[in-house]
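1. need coordinates for the below:
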Amino acid sequence: EISENVVRCMNELGKSLNDTLETIMVEAMARDLVHDLYRPNKERIDLASVLSGTVDDVAAVSNLTRFPLITRPSPLPMFYFDPQLLRYLHRQALSNACKYGKIGGSVLTEITFDNKHNTLE
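-> The predicted model follows:
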């Protein structure tokens, strides 16, 4: 029983440490963006996978079904983008929707790629 409590406490401590480090990184990125110091690190990414990871981070505090992610077409093509910047922007948008939206409401992320015009919405 004691060893189970130690393992549980260590897991909680690890999660808290990861959350704290993530917050520090987000704050540092925000500072760098505001002062025009951030240099994007572009790579080929699966947009839906990157954004799903953001949803998982936010949903860990809440209910995963509150944060649906819809892509059109599905699957989306690969994009050349900075995944860290994308996660930051998406996390901020989700956070604002949770703060200022309907309490307990869903927060939908919808991404549409128009292949004809080569645009992403």
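
2. what's the longest helix anywhere in the chain packed up against?
-> For the chain, the helix with the greatest residue count under DSSP state H is helix 2-34. With contacts defined as 3 or more CB pairs under 8 Å, 6 or more residues apart in numbering; DSSP states H and E, the packing partners of helix 2-34 are helix 83-100. Yep, even glycine has a C-beta here, placed from its N, CA and C like the rest.

3. the next helix-or-strand element following the helix it packs on: partners in the sheet, and parallel or antiparallel?
-> Secondary structure here is assigned by DSSP states H and E; on that basis, the next helix or strand after helix 83-100 toward the C-terminus is strand 109-114. Take DSSP bridges as the rule and strand 109-114 pairs in its sheet with strand 69-72 (parallel), strand 119-120 (antiparallel).

4. which residues are contacting strand 109-114?
-> Strand 109-114 has contacts (CB atoms under 8 Å, 6 or more residues apart in numbering) with 47-48, 51, 55, 67-73, 76-77, 90, 93-94, 119-121.

5. try it again with 10 Å
-> Counting by CB atoms under 10 Å, 6 or more residues apart in numbering, strand 109-114 makes contact with 47-48, 51-52, 54-55, 67-74, 76-77, 79, 90, 93-94, 97, 119-121, all of which sit outside it.
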